[in-house]
Structures are given as C-alpha cells and as structure tokens.
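*Asks:* Prediction below, plus the sequence it came from.
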Amino acid sequence: MNNQPIPSSELIINDDGSVFHLHITPEDLADNIIMMGDPTRVHALASHFDTIELTKQSREFITITGTYKGKRITALSHGIGTDNIDIVMTELDALANIDFKTRLPKPEHKTLNILRIGTCGASQPYIPLGSYILSHISIGFDGVLNWYKDGEKIFLKDFEEAFVKHMDWPERFAKPYFVRANQELIDEFSPFTIRGMTVSAPGFYGPQGRSVRLELTIPDLIEKLESFEYEGYRVTNIEMESSCLAGLAALLGHRAATVCLAIANRHIKESNPNYKPLMDRLLLLSLDAITS
C-alpha cells in the first residue's frame, strides 16, 4: 500500500470536500451504484426510489442518492465514452477508498457494486430488437486499459490473439483487449438477459462501422465481428463503455457489469427509437436485482 499522500495535482479535491469532476463527497455515495450515459435516465431511475436524500449535478454528471426497498442506491450519469468511464471509476474508487483529509488509502478496502445500464446495437441476426444483453466479456477498442500497467493481469490474451488474427487488425489502431465482468453480478442479472460479448468502440460512427461521408479503414467491420467466434462466444453487440468499466473495476477491486438494451440491429439494419418502455422495465429489473 502506498504510504505517501496523493498530491493535489493527481487527485483534485474541491473546496467543499467533493471530488473534482463528480462534485460529490464520500458521504454522498452509496455502495450500490447504477450508472448510465444519459443524464435524463438518472431521473427516470430515481423516480422509483422510496426516498431521495440528495441530487447533485456537475457538467454531464448527475448524482441522485436515495433508498429502494430499504437499501441505499446511487444513480449516476457518466456521459459518453470510455474516457468518461476512466474519470468516473477513478473518482468513485477515490470516494470509497481514499481518506480525503490525509490523502492516503484507507486501511480497509471498500468494494462497490456497479451496474451500467445502456443502449446498444446488436451485431448478430438472431438477437431481436428489445433484447437485454449482459456483457459477460467486453472487447475494448478504446485503448484506455493499455495505459494501466496491471491491465495485463486481467486481459484474456487467448481471445485477443484470435480476434486480432481474425480481424486482420491494423497496426496503427489501439491494441484491443478482452475483459470479463464480475461473475457475481453475471449470476444476478443472467435470468433476464442474453449472454453477451460486447465491443466498446471509441466513437459512434467510424469506430462502429458507420460511414456517412468518410470512407472506413475496415469497411466490413460488422461482417467481421459477426463471424468471429471463440470458445463458444460470438460478438453480440456494440456500445461505448463496458470494457473500461469492467477492466477498471477489476483492477480497483469492485464488482461491475453492463446490461444494454438493443435498440438497433446492425446486421438487419433496423432500429427502434421508441424504446422508452423497454428501458423503464430494464431500470426496474436492475433495481430489484442489485438490491436483492
């Protein structure tokens, strides 16, 4: 354990004792956290709370902490992309495991339970619109975990090697990494979800194989992803955050997983923009699962 205080340049604490980006204090954070990219979805989730003790907002980060069926829950918006997940996960861990007065790690580690709820595009023809996909394994196209030395301890190297060969992965791209979600959360959320192997892309258009006006480096990305199979897993869906969440949570000693609602199918080129009722149902299912 590091016995030197963390410099203020590395962990910025605001004058009110809150962490820099999220603008919440350690006391504001529950041990059970449900995160989502869309800030409006935080209010939708919190509408099911029995009590609400605080609501705070800083930039795209909205935090609402309250109780549901007697258990304390924090709902939090993380914005879009793995770069935001790097911020949010680092600051959540600091809130739980750093003494803000001494700037030293606390002697006892606290494990957070973190579920991310999002939307995605399915990449297999057999996955219908409206499916709930649980990311058992995530594939990081983003490269964020490559910046952390201990990432190699959690990467699924055999999956990675097979994938790089199958995709004919361009050398100038960030090296893809494969990570597993927390097994306990997988067990809790499996009853109402499809087993997924999820791509986390560093963008919505080109990195997900969408061409609007620019030509793509991998024009047949979706077809290649659809045909990849390893140890019984196929690429089921594409989103933008699950890899960094699963990886950082594992490295920091937290339990994390991602469940996404499929609002598009990239293979059959269909989408459902009117997915709110399906999302509302997923929010309730997730609240019940994480507090059970």
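*Replies:* Perfect, I can see it now. Numbering: from 1, shown residues only.
*Asks:* For the rest of this, base every contact and every neighbour count on C-alpha atoms.
*Replies:* Noted.
*Asks:* which residues of the chain fall in helices?
*Replies:* 39-46, 82-97, 157-167, 183-189, 221-227, 242-252, 276-290 (DSSP state H).
*Asks:* counting contacts, what elements does the second one pack onto?
*Replies:* Based on contacts counted as 3 or more C-alpha pairs under 8 Å, 6 or more residues apart in numbering; DSSP states H and E, the elements that helix 82-97 packs against are helix 242-252.
*Asks:* Going by contacts, tell me the helices and strands next to the helix it packs on.
*Replies:* helix 82-97, strand 132-140, strand 177-180, strand 194-200, strand 255-265.
*Asks:* The third one pairs with which strands?
*Replies:* This points to strand 177-180. strand 132-140 (antiparallel) (DSSP bridges).
*Asks:* Could you export the strand it pairs with as PDB, keeping only the C-alpha atoms?
*Replies:* These are the backbone C-alpha positions of strand 132-140, laid out as PDB (Å, rounded to 0.1, in the frame of the first residue of the first chain):
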ATOM      1  CA  TYR A 132     -31.300  -7.100 -22.800                       C
ATOM      2  CA  ILE A 133     -27.700  -8.100 -23.300                       C
ATOM      3  CA  LEU A 134     -25.400  -8.700 -20.400                       C
ATOM      4  CA  SER A 135     -21.700  -8.100 -21.200                       C
ATOM      5  CA  HIS A 136     -20.100 -11.300 -19.800                       C
ATOM      6  CA  ILE A 137     -16.900 -10.300 -21.800                       C
ATOM      7  CA  SER A 138     -16.100  -6.900 -23.200                       C
ATOM      8  CA  ILE A 139     -13.700  -6.000 -26.100                       C
ATOM      9  CA  GLY A 140     -12.000  -2.700 -25.700                       C
END
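*Asks:* picking that back up, which one, of the helices and strands packed on helix 242-252, ends up nearest to G232?
*Replies:* G232 lies closest to strand 194-200 among the helices and strands packed on helix 242-252, at 10.4 Å (C-alpha to C-alpha).
*Asks:* G130 against C260, yeah?
*Replies:* No - judged on C-alpha atoms under 8 Å, G130 makes no contact with C260 at a distance of 9.5 Å.
*Asks:* Of these two, which one has the most company?
*Replies:* C260 (29 against 20; other C-alpha atoms under 10 Å).
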